[in-house]
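S.K.: just coords:
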């Protein structure tokens, strides 16, 4: 052994020496086409309304929503997910504004399709929580509990009106048992065989949804723990996954993203359909708040988190930074 024999022969740092080298050997890459922009449209406003807990995000007017959709398309974003915020007086126990063909979400779907056609994938949140006066994702029974099967009937109606309004994809997020199958049947029976279903397969009851409830003007009292998943459980997600696929889901989602990267990775390793992850409001709020304090580099943190979600197995990422990041990429 020479005097040099104690030095390492294998030097992984050789592949980290320059930005060009690191770019060349990168194992995962973000692309604008990976990104989907969630967007809120609010009935009865003439100017966008900033969401205080989600810096940079607004409740759109119909006009500014159309503009946001065009900007996302021009940046290379693949899709836009629409959430409707009705006037408070239009909320009721059954969430009827959610199935009104002239309700704000259906109107917004028609607006965006008229603006972007088929060049941007137009997605629609399929849930009642924005439209109910009690804030739950379904209709309630006589004891005040969410009635699973009665809610499925409402979801079938929502699927039809959203498809009629121009949604390319409907995304049931209520975590009702059997929702994907009922929605698939409703679409097929009304001539919407080409409309895809993006299943919120693993949607956890998370503390990170707080800012979103401001964004949609939620009326929720209590919690959603009887239908959203327990954060402690992983096997449960795999059971939900098997059921959603059996019922006809075209794509599946894990939500939130960062606290559930292990779930995302296991789902991605299991399926042969596209896998989405939703970087939710609380994830955005943490980064924006820390950056405002000067504690982290905002832009680097955004890219690092999105890369981590991609590395864990997401084919698609819903993020409120979609247009901004796509422009940078």
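M.R.: Structure's in. What do you need? What you see is a predicted model; the values in this text were computed from it and never measured.
S.K.: quick one: contacts of the biggest helix by length in the chain?
M.R.: Assignment by DSSP state H gives helix 148-165 as the longest helix of the chain. The contact list for helix 148-165 (Cβ atoms under 8 Å, 6 or more residues apart in numbering) reads 94-95, 98-101, 103, 105-107, 109-110, 113, 124, 126, 128, 137-139, 141, 170, 172, 174, 176-179, 182-183, 185-187, 190, 192, 195, 227. Placement of C-beta: from N, CA and C, glycine included.
S.K.: Residue ranges in the stretch 1-150 of the chain under the pLDDT threshold?
M.R.: The stretch 1-150 of the chain contains residues with pLDDT under 70 at 1-5.
S.K.: quick one, strands of it?
M.R.: For the stretch 1-150 of the chain, the strands defined by DSSP state E, counting those that start in this stretch occupy 35-42, 49-50, 58-60, 79-85, 121-126.
S.K.: now the ones you listed as a markdown table including mean neighbour count and distance to residue 208?
M.R.: A markdown table is the format used below for the strands of the stretch 1-150 of the chain (neighbours: other Cβ atoms under 10 Å; distance: least, Cβ to Cβ, whole Å):
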| stretch | mean neighbour count | distance to residue 208 |
| --- | --- | --- |
| strand 35-42 | 25 | 14 |
| strand 49-50 | 14 | 20 |
| strand 58-60 | 22 | 20 |
| strand 79-85 | 24 | 16 |
| strand 121-126 | 26 | 17 |
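S.K.: Make TSV out of those and add distance to residue 13.
M.R.: As requested, the strands of the stretch 1-150 of the chain are exported to TSV (distance: least, Cβ to Cβ, whole Å):
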stretch	distance to residue 13
strand 35-42	32
strand 49-50	45
strand 58-60	45
strand 79-85	39
strand 121-126	41
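S.K.: Which among these is found nearest to residue 284?
M.R.: When the strands of the stretch 1-150 of the chain are ranked by distance to residue 284, counting by Cβ to Cβ, first place goes to strand 35-42 at 10.1 Å.
S.K.: Note down every partner strand of the closest one and its orientation.
M.R.: Strand pairing for strand 35-42, using DSSP bridges, gives strand 58-60 (parallel), strand 79-85 (parallel), strand 316-318 (parallel).
S.K.: Count the neighbours of residue 322 for me.
M.R.: 27 (other Cβ atoms under 10 Å).
S.K.: Can you verify my assumption that it contacts residue 35?
M.R.: Yes: with contact defined as Cβ atoms under 8 Å, residue 322 counts as touching residue 35 (4.0 Å).
S.K.: Overlap in contacts, those two.
M.R.: The contact sets of residue 322 and residue 35 overlap at residue 77 (Cβ under 8 Å, 6+ apart).
S.K.: So what's the residue count around residue 192?
M.R.: Neighbours of residue 192 under the rule other Cβ under 10 Å: 18.
S.K.: how far does stretch 63-82 sit from the chain's center?
M.R.: Centre-to-centre, stretch 63-82 and its host chain are 15 Å apart (Cα atoms, centre = their mean, to the nearest Å).
S.K.: Where does the prediction get shaky in the stretch 201-329 of the chain?
M.R.: Judged by pLDDT under 70, the stretches of the stretch 201-329 of the chain that qualify are 214, 216-223.
S.K.: quick one: the helices in it?
M.R.: Taking DSSP state H, counting those that start in this stretch to define them, one finds helices in the stretch 201-329 of the chain at 210-215, 235-247, 261-270, 281-292, 298-312, 322-328.
S.K.: who wins for proximity to residue 147 among these?
M.R.: The closest of those to residue 147 is helix 235-247. By Cβ to Cβ, the value is 19.2 Å.
S.K.: in the closest one, what's buried?
M.R.: When burial is assessed from 16 or more other Cβ atoms under 10 Å, helix 235-247 yields the following buried residues: 237, 238, 240, 241, 243, 244, 245, 247.
S.K.: coming back round to it: so which bits of the longest helix of the chain are buried?
M.R.: Buried, per 16+ other Cβ under 10 Å, within helix 148-165: 148, 151-152, 154-156, 158-165.
S.K.: re the thing from before, identify whichever of the strands paired with strand 35-42 lies nearest to residue 293.
M.R.: With Cβ to Cβ, the closest approach to residue 293 among those belongs to strand 58-60: 22.5 Å.
S.K.: Go ahead and name everything in contact with the closest one.
M.R.: Outside strand 58-60, the residues that reach it (Cβ under 8 Å, 6+ apart) are 39-42, 45, 48-51, 64, 68, 85, 215.
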